[in-house]
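Asks: Fold the following and give me the result.
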Amino acid sequence: EPLSLQVRRMFVHAYDGYMAYAFPSGEIRPLSCEPGSFGLASLDMLTLVDALDTLAIMGNVTEFQNAVRLVTQGLSFDVDQNVSVFETCIRALGGLLSAHVLASDARLSFGSAPGWQYRGELLALAEDLARRLLPAFDTPTRIPYGTVNLRHGVPAGETVIASTAGAGTLSLELAYLSVLTQNGTYAKAGDAAALGLWNRRSKLDLVGKHINTQNGQWTEPVAGMGSNADSFYEYLAKRYLLSGLEDPWLDVFREAEEAVERSLRVGD
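Replies: Residues are numbered from 1 along each chain as shown. Here you go, the predicted structure:
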């Protein structure tokens, strides 16, 4: 069996299981097949939002249309819920944006399907969500808090310590939202966070893993490519691919890559 068919079969199994046993909860528990909630982004329909673009890419027009209707008619972010800014950005915001672009693409078959009418509802949801994330970026360093309440802003007593990956892996989705809405507010927030981390790099051009969002001091100055730092480097490259701007994104990525190769690489 071709690998592509194996992947498709695995996706269909997981998707059908979620829809049958867990929807509209955030996720399905794989052993008990009971509804669950992803702790860092406890949002209804999170699995469905995250799967929208995969449905489209696999060419399942009927189910993509059905899933878009379910999301646009049933999902609201006006909830008193604390969420991870990072997880919500990459999963919920990213899922809505990619699905919106696919649903809006006249070259694809969705627009010509009988009964299909899409008027940008996913983009409206995405912008509503992003507005609710923005209070997290209101810090002296512009490096965001790790948690925000979708109705009330940053929770009282929220830690001022943020991880490099969590704070530096927001620029792609927020910048793309700015492109689609012609509102630069979102890109400015995500870009300032990533560059705020980079501008506090060491003399070796390395960044640590945790930082104080209020004073910009590294609380875990250990550098590495593992957890709490990995996707920071990934998003430097992706931000360049989205914008085409060598200054600053490609230049920063190259400097960061060279520093990693120079100071962190061991053996092959």
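
Asks: how about the helices in the stretch 51-200 of the chain?
Replies: 61-74, 85-87, 94-104, 121-133, 164-168, 171-181, 185-198 (DSSP state H, counting those that start in this stretch).

Asks: looking only at pLDDT, what's the mean for the third one?
Replies: When you say that, I think you mean helix 94-104. Averaging pLDDT along helix 94-104 yields 96.

Asks: okay, the helices of the stretch 51-200 of the chain, which one's buried deepest?
Replies: Mean neighbours per residue, mean count of other CB atoms under 10 Å, is largest over these for helix 164-168, with a mean of 26. All C-beta atoms are positioned from the backbone trio N, CA, C, and that covers glycine.

Asks: Please name every helix or strand in contact with that one.
Replies: Other elements packing on helix 164-168 under the criterion 3 or more CB pairs under 8 Å, 6 or more residues apart in numbering; DSSP states H and E are helix 85-87, helix 185-198, strand 210-212, helix 230-243.

Asks: okay, now A162: neighbour count?
Replies: Here the count is done by other CB atoms under 10 Å, and A162 has 27 residues near it.

Asks: sorry, back to before: would you mind giving the helices of the stretch 51-200 of the chain as CSV with distance to W218 added?
Replies: Below are the helices of the stretch 51-200 of the chain laid out as CSV (distance: least, CB to CB, whole Å):
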stretch, distance to W218
helix 61-74, 39
helix 85-87, 18
helix 94-104, 28
helix 121-133, 24
helix 164-168, 9
helix 171-181, 20
helix 185-198, 10
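
Asks: sorry, back to before: A165: which of the helices and strands packed on helix 164-168 is closest?
Replies: helix 230-243 (4.8 Å; CB to CB).

Asks: what element comes up after that closest one heading to the C-terminus?
Replies: helix 251-263 (DSSP states H and E).

Asks: Which positions within that next one qualify as buried?
Replies: 252-253, 256, 259-260 (16 or more other CB atoms under 10 Å).

Asks: Residue nearest the middle of the protein, spatially speaking?
Replies: The residue lying closest to the centre of the chain (CA atoms, centre = their mean) is I90, at 1.0 Å.

Asks: wait, what's in contact with that residue?
Replies: 169, 173 (CB atoms under 8 Å, 6 or more residues apart in numbering).

Asks: quick one: it and A162, what's the gap?
Replies: 15 Å (CB to CB, to the nearest Å).

Asks: average pLDDT across the lengthiest helix in the chain?
Replies: Ordering each helix of the chain by length in residues (DSSP state H) puts helix 3-21 first. The average pLDDT within helix 3-21 is 96.

Asks: any idea which helix or strand comes after it?
Replies: strand 27-28.

Asks: in its sheet, what does that next one sit against?
Replies: In the sheet, strand 27-28 lines up against strand 35-36 (antiparallel) (DSSP bridges).

Asks: Identify all contacting residues around the partner strand.
Replies: Counting by CB under 8 Å, 6+ apart, 21-22, 25-29 sit against strand 35-36.

Asks: any idea how far the residue nearest to W249 when sequence neighbours are not counted lies from L93?
Replies: In space, W249 comes closest to Y240 once its chain neighbours are excluded; the distance is 3.7 Å by CB to CB, 6 or more residues apart in numbering. Distance, Y240 to L93, using CB to CB: 20 Å.

Asks: Who has more neighbours out of those two?
Replies: The neighbour count for Y240 versus L93, taken as other CB under 10 Å, is higher for L93 (25 against 19).
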